[in-house]
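Peer 1: mind looking at a prediction? Sequence and model below.
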Amino acid sequence: MSDKKKDKVPFKRALKNNIYMLKIAYNSDKRMVIMRLVMGFFTGLNHGVSIFFINEILNALDRGDSLGYIFTVVGLMGLYTLAYELYFAWYYKLYFPYHKLNFIRLIHKSFFVKASDIDLSCYDTPEFYNDFIYSMQNCDKSITKTVDQLGDLIRALVASISVVAVILTVDPIIAAVIFGFAVVDMIIRLFQNGIYYRYNIKMNELWRKSWYIERFFSLADYAKEIRLTDVKENLLIEYDKTMLEQRRAEVRLEIKTGGLNFLAAFLGYGLTVFILLFMGYKLMVTGTVLIGGFTVAITASWKLKHLMYDIQSKFVEMNKDSLYADKVRKFLETEPQIKGGEIVLTEFESLEFKNVSFAYKEENVLENVSFKVDKGERIAFVGYNGAGKTTTTKLIMRLYDVTEGEILINGINIKEYTLESLREKMGAVFQDYKVFAATVAENVLGELYTNEKEKTVLSALDDATFGDKLTGLENGIHTELTREFYDNGTNLSGGENQKIAIARVFAHNNELIIMDEPSSALDPIAEYNLNVGIDKNAKGKTVVFITHRLSTTRHVNRIYMFEKGKIIESGSHEELIRRGGKYCQMFELQAQKYRA
Ligand code: ADP
């Protein structure tokens, strides 16, 4: 169904989405959800019960009942109120604050697990990515709110029913009139609801824009670009435009809903006048109602007016939440397309690309790529930026799947292996390597540190040429990296972070190592030492380099020169130089720089 069509049945859709959110809440913490709904029920009942007692006390006074009876009714009312207030205080002051955090923890964790599972290609779709970030940031508030809304809705419904039930005991005609008013009021509110729903859809689009701009100015990632380019000017203009549209939408909303509010208020006023006249007549002229009934009818009609408004506003909120729930559903219902097979990869023997083509979107970024590498060999992908080298390594790791052709490991299609066993055999230093908010040791191990792993960590760091830096760190391998968690955490330089990422590969016994520009942030001496480290650690292992450094390409078994997604030359450094092709030109250009 198209989105437009879906929007024509806002109520049904909102209901479904809210049920979806409730299911998440219920599956995370059943008890808390039930307690909240029970709370709603008792708060609602309290409305009916309180006017029931007031009715009885006033009538007793009117009838001239004994003081003992009146005190009994007042006592019962006090007991009920006390029990209710105790439950209320227990729930909000003790139960909810304590359980809420656990509830949030469970919801967040399920989101984290899902986020680790989705395909990398999801990050390439801006709409999905925006919704994904939004879902992650707001999931706890929104899911808790959905439960609250339902609790409040139950409260308002139970209150309305109990109030009408009490009036029934006073006068059925008044009960019928009040009920009729409630129905008409509800219809007006439903109209209003549709207006709010369309407003929320419109605002959602506008919010997304302004939200992006707000992020742009607040995130550290953009801070450098903001200072060095004029991109902020365009965004500021766009921000003004978006905010103007938001203001216009707001005014339109207020005019439309204000008109309907006026109609509802007018009807409510008519109802009060009718009750005053009708019940006044019965009280003063025919004497068929007592003062309690008169008071209760008036109070109940006012109460009901508020309750109707309350119910409607809950529906409005549910509609709003439904838009959010859409994002959460999209995110949680996205099934990873990259799924593992059945075979467990136990030992790596060979990797072969057979006529592989690949497109991120429509256009192929790799075309007909074929090569083979055997265990223990080292190969290098070279070529200009955008030629497809990194993409090729992403296909090896199954971060994406080929569009055409096949990738074989040990002669078997890579898709047949379980993802865990496949990725366990591979270690990678990515071009955009990341260091986490954890200790040096945990960063290298990628898991919790124990004393017996000390040697592995130290040796990996040493081979990654981080040894000198390490001796300068007061807490050695227990130094906290980044200042995300600790104000006294250590922020490393780009080159030092890269060494940590390299040490991570050295610390694991991966059989196939992928190194995407491993020395891009290193100085020449560190680069030389790193090559020594690689020689030591990668003995007998298969290594795929992406590099522009001749110090690396000179020593590999084969070089594959990429251009516009194709392999245009392959062979050893000497062979390619003799051939005098594109690789040779690149080599010459680089060599000139050093000679000049
Ligand atoms: P190289 O590593 O040789 O510099 P890449 O493999 O990173 O090249 O990129 C090859 C092409 O694919 C480039 O045109 C690049 O813009 C494009 N590309 C890379 N990543 C993505 C992506 N996530 N979505 C769309 N296009 C991409």
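Peer 2: Cool, the structure landed.
Peer 1: the closest residue to residue 505 other than its chain neighbours pairs with what?
Peer 2: Of all residues not flanking residue 505 in the chain, residue 427 sits nearest, at 4.0 Å (Cβ to Cβ, 6 or more residues apart in numbering). Just so you know, the C-beta spots here come from the backbone N, C-alpha and C atoms, and that holds for glycine as well. Judged by DSSP bridges, the bridge partners of residue 427 are residue 513.
Peer 1: okay, now residue 427: neighbour count?
Peer 2: 25 (other Cβ atoms under 10 Å).
Peer 1: could you do the one 10 residues further on as well?
Peer 2: Counted by other Cβ under 10 Å, the residues lying close to residue 437 total 14.
Peer 1: list the contacts of it.
Peer 2: 480-482, 484-485, 489 (Cβ atoms under 8 Å, 6 or more residues apart in numbering).
Peer 1: among those residues, which one is most surrounded by other residues?
Peer 2: residue 481 (23 neighbours).
Peer 1: which residues does that one bridge with?
Peer 2: residue 490.
Peer 1: right, and it touches residue 493 too?
Peer 2: No. Residue 481 is beyond contact range of residue 493, at 11.9 Å (criterion: Cβ atoms under 8 Å).
Peer 1: center of this structure, which residue is that?
Peer 2: Nearest residue to the geometric centre of the chain (Cα atoms, centre = their mean): residue 136, 1.9 Å.
Peer 1: helices and strands around the host helix or strand of that one, which ones?
Peer 2: Assessed by DSSP states H and E, residue 136 sits inside helix 126-170. Helices and strands touching helix 126-170, by 3 or more Cβ pairs under 8 Å, 6 or more residues apart in numbering; DSSP states H and E, are helix 10-28, helix 30-63, helix 96-117, helix 172-218, helix 291-333.
Peer 1: list the contacts of the third one.
Peer 2: Contacts to helix 96-117, defined as Cβ under 8 Å, 6+ apart, come from residues 24-25, 28-29, 31-32, 35-36, 132, 135-136, 139-140, 143-144, 331-332, 336.
Peer 1: please redo it, this time with the cut-off set to 6 Å
Peer 2: Identification of contacts with helix 96-117 by Cβ atoms under 6 Å, 6 or more residues apart in numbering yields 28-29, 32, 136, 139-140, 143, 332, 336.
Peer 1: which of the residues you listed ranks first by neighbour count?
Peer 2: With neighbours defined as other Cβ under 10 Å, the most crowded of the contacts of helix 96-117 is residue 143; it has 24 neighbours.
Peer 1: wait, it touches residue 21, no?
Peer 2: Yes. Counting by Cβ atoms under 6 Å, residue 143 does reach residue 21; the two are 5.5 Å apart.
Peer 1: ok, now which ones touch residue 349?
Peer 2: Residue 349 neighbours (Cβ under 6 Å, 6+ apart): 375, 410.
Peer 1: next, give phi and psi for it.
Peer 2: phi -120, psi -40 (degrees, to the nearest 10).
Peer 1: quick one: low-confidence ranges for the chain?
Peer 2: Per-residue confidence for the chain (pLDDT under 70) gives these ranges: 1-11, 126, 593-596.
Peer 1: would you map out the domains in it?
Peer 2: 10-170+321-337, 172-288, 441-508 (automatic domain parsing).
Peer 1: nearest to residue 369, of those?
Peer 2: Closest of the domains of the chain to residue 369 is domain 10-170+321-337, at 18.8 Å (criterion: Cβ to Cβ).
Peer 1: of all the residues in the stretch 451-596 of the chain, which ones are close to the ligand?
Peer 2: Within the stretch 451-596 of the chain, the positions lying close to the ligand (Cβ under 6 Å from any ligand atom) are residue 562.
Peer 1: you'd agree residue 380 is in a strand?
Peer 2: Yes. According to DSSP: H, G, I helix; E, B strand; the rest coil, residue 380 belongs to a strand.
Peer 1: that one bridge partners, please.
Peer 2: residue 545, residue 559.
Peer 1: I figured it was touching residue 556, is that so?
Peer 2: Yes. Under the criterion of Cβ under 6 Å, residue 380 makes contact with residue 556 at 4.5 Å.
Peer 1: neighbour count for those two, which is higher?
Peer 2: residue 380 (25 against 20).
Peer 1: residue contacts, that one?
Peer 2: 545, 547, 553, 556, 559.
Peer 1: give me the contact list for stretch 255-266.
Peer 2: So stretch 255-266 is contacted by 185, 188, 191-192, 195 (Cβ under 6 Å, 6+ apart).
Peer 1: what residues does the protein have near the ligand?
Peer 2: Looking at the ligand, the residues of the chain close enough under Cβ under 6 Å from any ligand atom are 124, 360, 365, 383, 385-391, 562.
Peer 1: now, which of the residues you listed lie within strands?
Peer 2: Using DSSP state E to define strands, the subset of the residues of the chain next to the ligand located there is 365, 383, 562.
Peer 1: ok, the residues you listed vs the ligand, which is closest?
Peer 2: residue 365 (3.8 Å; Cβ to the nearest ligand atom).
Peer 1: I'd say that closest one and residue 388 touch.
Peer 2: Yes. Under the criterion of Cβ under 6 Å, residue 365 is in contact with residue 388, at a separation of 5.3 Å.
Peer 1: neighbour count winner among those two?
Peer 2: Between residue 365 and residue 388, counting by other Cβ under 10 Å, residue 388 is the more crowded of the two (22 against 18).
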